[in-house]
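Chemist: Just to be clear, the model below is a prediction. Sequence and coordinates:
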Amino acid sequence: MNDLDTAPAPVALDGIIRDTDRIGFAMASERQTGSLLRALAAAKPGGRFLELGTGTGVGTAWLLDGMDRNAELDSIDNDPTVLDIARRHLGADRRVRFHLVDGTTFLRQSPTRRFDLIYADAWPGKFTDLDVALSLLRDGGIYFIDDLLPQSNWPDGHAAKVQALIADLERRDGFRATKLAWASGLMVLVKTDHL
């Protein structure tokens with residue numbers, strides 16, 4: 001078994017990666033992460049999805065590739081340069097709405113929204129406003145994060161923040177969690193209020 005073989009990739013992915021490389025953006029989701037995102041999205045037919053940290057749209061492309069025609073995705077980023085790449089390649093898809101806004105602002109203005117899957121690939125909803133993000137999950141909803149294994153671009157002290165985040169998520173009531181020392185380091189939580 002070759003877990004690096006994620007074929008077929010989303011149709012838009014090659015163009016997004018070319019534009020991502022052109023601007024020197026180095027924080028795009030890995031193919032393995034994308035492959036798992038696609039599978040998780042496919043598990044929620046007609047689902048409502050939230051992506052915190054669109055970047056150039058690499059993760060967005062994988063989510064859309066797993067979503068059915070009735071699913072909807074809100075994708076959030078505060079950087080117009082990277083968001084423009086995502087919009088250019090994926091904006092014609094009626095299932096996605098791109099928001100140029102800080103993730104914290106979006107989360108705090110969304111107390112009545114509910115999502116079936118939240119992909120937190122930015123500080124908001126992960127290292128800040130975590131409680132708010134988790135409160136927006138429906139029962140059975142999936143919270144997914146990456147970048148939990150040491151990265152060369154981590155600032156001093158970030159490793160301790162990652163370990164504290166993992167410990168926090170593992171002890172939360174009403175969730176089941178699993179960690180994967182795979183790709184950039186992944187963690188999946190499922191909201192299970194029945195526990």
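Modeler: Yep, that arrived.

Chemist: name the element the closest residue to residue 87 other than its chain neighbours belongs to?
Modeler: Of all residues beyond its chain neighbours, the one nearest residue 87 is residue 98 (5.4 Å), with distances taken as CB to CB, 6 or more residues apart in numbering. Glycine gets a C-beta too; all of them are placed from N, C-alpha and C. Mapping residue 98 onto the secondary structure by DSSP states H and E places it in strand 96-100.

Chemist: Run a quick neighbour tally on the closest residue to residue 85 other than its chain neighbours.
Modeler: Closest residue in space to residue 85, ignoring its immediate chain neighbours: residue 56 at 4.2 Å, by CB to CB, 6+ apart. Applying the criterion other CB atoms under 10 Å, we find 29 residues in the vicinity of residue 56.

Chemist: Could you look up the SS state of residue 56?
Modeler: Secondary structure of residue 56, reduced to three states by DSSP: H, G, I helix; E, B strand; the rest coil: coil.

Chemist: does it really touch residue 25, like I thought?
Modeler: Yes. Assessed by CB atoms under 8 Å, residue 56 is found in contact with residue 25 at 5.6 Å.

Chemist: which neighbours do the two share?
Modeler: With contacts defined as CB atoms under 8 Å, 6 or more residues apart in numbering, the residues adjacent to both residue 56 and residue 25 are residue 82.

Chemist: Check the spacing between the most centrally placed residue in the chain and residue 22 real quick.
Modeler: For the chain, residue 119 is the residue whose C-alpha lies nearest the centre (CA atoms, centre = their mean; 2.5 Å). Summarising the geometry, the distance separating residue 119 from residue 22, computed by CB to CB, to the nearest Å, is 24 Å.

Chemist: likewise residue 76?
Modeler: If you go by CB to CB, the gap between residue 76 and residue 22 works out to 23 Å.

Chemist: quick check: angle from the helix or strand where residue 76 lies to strand 96-100?
Modeler: Assigned by DSSP H and E, residue 76 belongs to strand 72-77. Strand 72-77 and strand 96-100 are oriented at 20 degrees to each other (axes from the mean of the first three to the mean of the last three CA atoms, to 10 degrees).

Chemist: strands paired with strand 72-77, and their directions?
Modeler: Strand 72-77 sits in its sheet next to strand 48-52 (parallel), strand 96-100 (parallel), going by DSSP bridges.

Chemist: which of the residues in the next helix or strand after the last one are buried?
Modeler: It stands for strand 96-100. The first helix or strand that comes after strand 96-100 along the chain, using DSSP H and E, is helix 103-108. Residues of helix 103-108 classed as buried: 103, 104, 106, 107 (neighbour count, 16 or more other CB atoms under 10 Å).

Chemist: Quick one: those residues as JSON lines, columns for pLDDT and distance to residue 84 too.
Modeler: Rendered in JSON lines, the data for those read as follows (pLDDT from 0 to 100; distance: CB to CB, whole Å):
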{"residue": "103", "pLDDT": "97", "distance to residue 84": "18"}
{"residue": "104", "pLDDT": "96", "distance to residue 84": "21"}
{"residue": "106", "pLDDT": "97", "distance to residue 84": "18"}
{"residue": "107", "pLDDT": "97", "distance to residue 84": "23"}
